[in-house]
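**Q** Give me coordinates for this.
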Amino acid sequence: MKLSSALLLLTSAVLGVRPSSAQGEPKYLEVGTTLTLEPDVSTVPRPINSIRWKYGTALVVDWDPSGHTYYGSFKGRTTLDPQTLRLDINRLTLADSGQFSLETNLGTVGSHEVNVIKPPPTPSIKTQTLCNVSCDLKCTADTQDLGPVSYEWKEDEGKWTEGDTLKNISSSDTPEKLFCRLKTRVRTSNTSLPMENPLYKPPGAATEGGAVAGPTSSPGVTEDGTRGAVTEGGAVAGPTSSPGVTEDGRRGELI
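**A** Predicted structure coming up:
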């Protein structure tokens with residue numbers, strides 16, 4: 001078994017044929033776009049007398065010196081350049097997801113895994129539980145036929161950070177609004193509408209226990225017994241005037 005594998009690799013190296021495992025990561029494309037598969041023609045042995053692209057076991061196109069033949073649903077939207085071996089398939093559909101492979105008269109050149117996905121929808125944010133001390137927010141969207149997705153969150157005008165579909169916030173958090181978006185292997189979705197933080201407390205709002213931020217003034221008494229207004233820290237601003245009686249018995253203003 002080991003000897004057979006070694007001979008296969010040696011034969012591939014001599015002929016310039018790359019094993020299918022050397023074709024790189026899977027390709028992700030959106031519905032309606034164009035798939036381009038172009039092998040490194042310098043590694044393909046010559047002379048090339050026939051070219052055949054396959055989708056699974058089905059034929060996409062074959063070529064020989066007499067011309068091209070296109071097959072099935074690929075007719076009318078596929079082109080093959082026999083000089084570069086480049087294959088273009090337009091107007092991709094979800095049904096085009098699968099394995100594409102290239103063969104010539106000298107053997108298999110390689111294969112490519114292709115995944116056709118939908119464009120990412122704009123997500124929305126929903127609360128998962130009743131919000132009191134803490135709250136779970138969920139970035140929701142229909143992720144069917146999107147392939148692998150990831151999520152990002154933003155608070156107010158801050159930076160986007162990677163996260164999960166769920167985000168937990170608490171009463172100690174300060175953002176007024178939150179946003180989310182999702183990312184596919186192709187692109188990032190539009191940003192969700194802002195979600196008002198259900199635990200947000202504006203600056204100056206009553207704190208826990210009913211205390212109110214900021215100083216208040218109240219009537220006080222100066223050292224000489226007259227009334228004044230108590231300022232921040234408990235100091236008395238000064239006496240206030242009030243009706244009184246002068247030494248000769250007439251009413252006037254005490255100053």
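**Q** Quickly find the element holding the residue nearest to P82 when sequence neighbours are not counted.
**A** In space, and not counting its chain neighbours, P82 is closest to W63: 5.1 Å by CB to CB, 6 or more residues apart in numbering. For the C-beta atoms, the positions are set from N, CA and C on the backbone; glycine is no exception. Assigned by DSSP states H and E, W63 belongs to strand 58-64.
**Q** repeat for E162
**A** strand 161-163.
**Q** just checking, what packs against that strand?
**A** Secondary-structure packing of strand 161-163 (3 or more CB pairs under 8 Å, 6 or more residues apart in numbering; DSSP states H and E): strand 150-155.
**Q** which of the residues in the strand it packs on are buried?
**A** For strand 150-155, burial by neighbour count (16 or more other CB atoms under 10 Å) applies to 151-155.
**Q** Now do that strand: distance to the chain's middle.
**A** 6 Å (CA atoms, centre = their mean, to the nearest Å).
**Q** and it, average pLDDT?
**A** Averaging pLDDT along strand 150-155 yields 97.
**Q** elements contacting it?
**A** Helices and strands touching strand 150-155, by 3+ CB pairs under 8 Å, 6+ apart, are strand 161-163, strand 177-183.
**Q** How about residues contacting stretch 36-53?
**A** 15-18, 59-65, 80, 82-88, 100-106, 109-110, 112 (CB atoms under 8 Å, 6 or more residues apart in numbering).
**Q** Let me see the mean pLDDT of it.
**A** 93.
**Q** quick one: terminal-to-terminal distance for it?
**A** With CA to CA, to the nearest Å as the measure, stretch 36-53 spans 12 Å from end to end.
**Q** Over to stretch 157-168?
**A** With CA to CA as the measure, what separates the two termini of stretch 157-168 is 19 Å.
**Q** Not counting that stretch itself, show me its contacts.
**A** By CB under 8 Å, 6+ apart, stretch 157-168 touches 128, 134-140, 150-154, 175, 178, 180-181.
**Q** Buried residues in it, which are they?
**A** For stretch 157-168, using 16+ other CB under 10 Å, the buried residues are 165, 167.
**Q** can you check stretch 185-202 too?
**A** So stretch 185-202, judged by 16+ other CB under 10 Å, has buried residues 185-186, 189, 192, 195, 197, 199.
**Q** could the residues you listed be laid out in JSON lines, adding secondary structure, distance to F74 and pLDDT?
**A** Output for the buried residues of stretch 185-202, formatted as JSON lines (DSSP: H, G, I helix; E, B strand; the rest coil; distance: CB to CB, whole Å; pLDDT from 0 to 100):
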{"residue": "R185", "secondary structure": "coil", "distance to F74": "23", "pLDDT": "98"}
{"residue": "V186", "secondary structure": "coil", "distance to F74": "22", "pLDDT": "98"}
{"residue": "S189", "secondary structure": "coil", "distance to F74": "30", "pLDDT": "98"}
{"residue": "S192", "secondary structure": "coil", "distance to F74": "38", "pLDDT": "98"}
{"residue": "M195", "secondary structure": "strand", "distance to F74": "45", "pLDDT": "94"}
{"residue": "N197", "secondary structure": "coil", "distance to F74": "51", "pLDDT": "90"}
{"residue": "L199", "secondary structure": "coil", "distance to F74": "55", "pLDDT": "89"}
